[in-house]
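> Okay, sequence plus prediction incoming.
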Amino acid sequence: MQINSYSRVAAESQISNRKADSNTKLEDANTKSANSTKDIDEDKLNKLASIGGKGITGLYAMSFMQQVFSMSSSNGLSQAGIFQGAQSKDSLTAILSNVDFKAIGYEGKDILSLNADEAKELIGEDGYFGVAKTSQRLADFVINGAGEDMEKLQKGLEGLKAGFAQAEKMWGGKLPDISYETIDKAIEKVTQKINELGGNSLDINA
């Protein structure tokens, strides 16, 4: 896909720039400018130039949306899986096998080794995967990642909804009620931020 190709080009160029900037600190001031760009592939620069500044900004917003999508999907699936595990461990391994728990900040006990009481505590009122903490974690990921960039906030909101839909798809149907309460609260927090900045969250498809 062209978007992914350009995203990769943008990311690789950023890395090249950082390497170049690091190298030039050791160079004489007269050669700093030349050395700062010597590691940048000319073809990559031409591709970036062809899509322009607005295009690059759009690619970063799309990349952010994909990150939020993953965060939303993983949290939704984890929360539902733990809820299921608190009731019965049947097929819990299959449900959670694709979740990267470290990527969503969870560093507690192995989910698959939880007993029923531990699982209930984890999705309880003060638990890491409870409604309050999970919705706040999702909303903070979007709001802190986007700052006051309206396009990124909008894409983040899209990512939240799409990621939750993906969790439903992977679950194979309707998720537990706790999951819907959580995503509703996360969406509400992001929507409030968008509205505070004068944006229109109603433009985002449910």
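Now that the structure is in, tell me what you want to look at. Numbering: from 1, shown residues only.

> what's the least confident helix or strand in the protein, going by average pLDDT?
Across the helices and strands of the chain, mean confidence by mean pLDDT, DSSP states H and E is lowest for helix 32-36: a mean of 38.

> Residue 92 versus residue 81, what's the distance?
From residue 81 across to residue 92, the span is 6 Å (CB to CB, to the nearest Å). Where you see a C-beta, it was placed from the backbone N, CA and C, and this is true even at glycine.

> Also residue 75?
Here residue 75 is placed at a distance of 16 Å from residue 92 (CB to CB).

> Give me the more crowded residue out of the two.
Neighbour count, other CB atoms under 10 Å: between residue 75 and residue 92, residue 75 has more, with 30 against 19.

> give me the element that one is part of.
Here residue 75 sits within helix 42-87, counting by DSSP states H and E.

> give me the low-pLDDT residue ranges for the chain?
Residue ranges of the chain with pLDDT under 70: 1-60, 86-91, 200-206.

> ok, which stretches of it are helices?
With DSSP state H as the criterion, the chain has helices at 2-24, 32-36, 42-87, 92-96, 116-122, 131-146, 150-171, 177-196.

> re the thing from before, mind listing the shared neighbours of residue 81 and residue 92?
Residues touching both residue 81 and residue 92 (CB atoms under 8 Å, 6 or more residues apart in numbering): residue 111.

> isn't residue 100 right next to residue 74, touching?
Yes. Residue 100 lies in contact with residue 74 (CB atoms under 8 Å); the separation is 6.6 Å.

> When those two are compared, which one has more neighbours?
Relative neighbour count places residue 74 above the other of residue 100 and residue 74, with 21 against 10, counting by other CB under 10 Å.

> contacting residues around that one?
Going by CB under 8 Å, 6+ apart, residue 74 touches 99, 100, 103, 104, 163, 167.

> One more pass at 6 Å, please.
By CB atoms under 6 Å, 6 or more residues apart in numbering, the contact set of residue 74 is 99, 104.

> Quick check: the closest residue to residue 167 other than its chain neighbours vs residue 168, distance?
Closest residue to residue 167 apart from its sequence neighbours, by CB to CB, 6 or more residues apart in numbering: residue 76 at 3.4 Å. Look at residue 76 and residue 168: by CB to CB, they are 8 Å apart.
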